[in-house]
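Trainee: how does the following fold in three dimensions:
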Amino acid sequence: ALGLVLHAVTSFSDPGVVTRENYKAAVRKYRFDHLLYERKECRTCGIKCRPARSKHCSVCDRCVAKFDHHCPWINNCVGEKNVKWFLTFLLVHLLMCLYVCVLTIAFMRMEFLRAKERHGDLPVGEGVVALANTLLILVHFCFGLYPIQSVTTIMTGVLSLMLGGFFSYHMRLAAINITTNEMYKYDNIEYVERLDAKEERTWKT
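Mentor: Residues are numbered from 1 along each chain as shown. Purely as a prediction, here's the structure:
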């Protein structure tokens with residue numbers, strides 16, 4: 001239920017839409033660095049001076065302050081006003097996947113140990129052969145008796161790795177006050193500098 005609520009909140013929350021009525025406040029808040037951002041207008045939105053760190057989203061067809069990216073998971077932009085909900089959304093789903101993965105592993109481990117107590121240890125050999133045979137017995141036990149739990153463990157384990165990496169990446173960007181959009185822009189600038197045979201880096205983490 002918490003995951004669905006956070007999904008709804010993140011999907012329908014205002015990412016920080018820039019309009020003709022509020023763009024002046026955003027211009028005062030974010031300064032132009034004349035490297036990534038220069039003064040320019042957005043003819044689509046009718047904004048005479050699009051604020052720095054903002055971008056016009058081609059999917060939502062609107063300008064968003066401190067634009068990070070457009071997320072297809074929530075069908076909404078991630079920007080200044082809803083990035084906190086987006087990070088909470090990722091964290092909660094990461095914890096949910098980890099919880100289910102650990103829970104199913106603990107359950108199958110308990111059942112496997114109970115089966116060993118009832119039937120005794122099987123001869124598995126020695127060394128590498130013993131390890132391989134033990135793994136085969138374990139896989140056969142899990143998928144033979146608990147196929148749903150086994151598939152659930154694999155799925156939630158993979159999702160945990162993906163969500164963990166994604167969440168860590170966005171937390172790092174938040175910690176250094178950089179958006180995904182700006183990260184790509186910095187990478188492009190450094191690529192151009194390398195083409196120009198410049199040794200110094202424009203931006204350092």
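Trainee: ok, now which ones touch the residue lying closest to residue 170 once chain neighbours are set aside?
Mentor: Leaving out its chain neighbours, the residue that sits closest to residue 170 by CB to CB, 6 or more residues apart in numbering is residue 87, at 6.2 Å. Every C-beta, even on glycine, is put in place using the N, C-alpha and C of the backbone. Listed by CB atoms under 8 Å, 6 or more residues apart in numbering, the contact partners of residue 87 are 167, 170-171, 174.
Trainee: do the same with residue 92
Mentor: Contacts of residue 92 (CB under 8 Å, 6+ apart): 2-3, 6.
Trainee: tell me which of those fall in helices.
Mentor: When DSSP state H is applied, those are split such that 2-3, 6 fall in helices.
Trainee: I figured residue 11 hits residue 75, correct?
Mentor: Yes - the pair residue 11 / residue 75 is scored as a contact, 6.0 Å apart, by CB atoms under 8 Å.
Trainee: which non-adjacent residue is nearest the most centrally placed residue in the chain?
Mentor: The chain has residue 166 as the residue nearest its centroid, 3.0 Å off, counting by CA atoms, centre = their mean. In this structure, residue 166 finds its nearest non-sequential neighbour in residue 90, 6.3 Å apart by CB to CB, 6+ apart.
Trainee: pLDDT value on the one you found, please?
Mentor: Per-residue confidence at residue 90 stands at 95 (pLDDT).
Trainee: likewise residue 21?
Mentor: 89.
Trainee: shouldn't residue 139 be within a strand?
Mentor: No - counting by DSSP: H, G, I helix; E, B strand; the rest coil, residue 139 falls outside a strand, being helix.
Trainee: and it, how close does it get to residue 114?
Mentor: When distance is defined by CB to CB, to the nearest Å, residue 139 is 18 Å away from residue 114.
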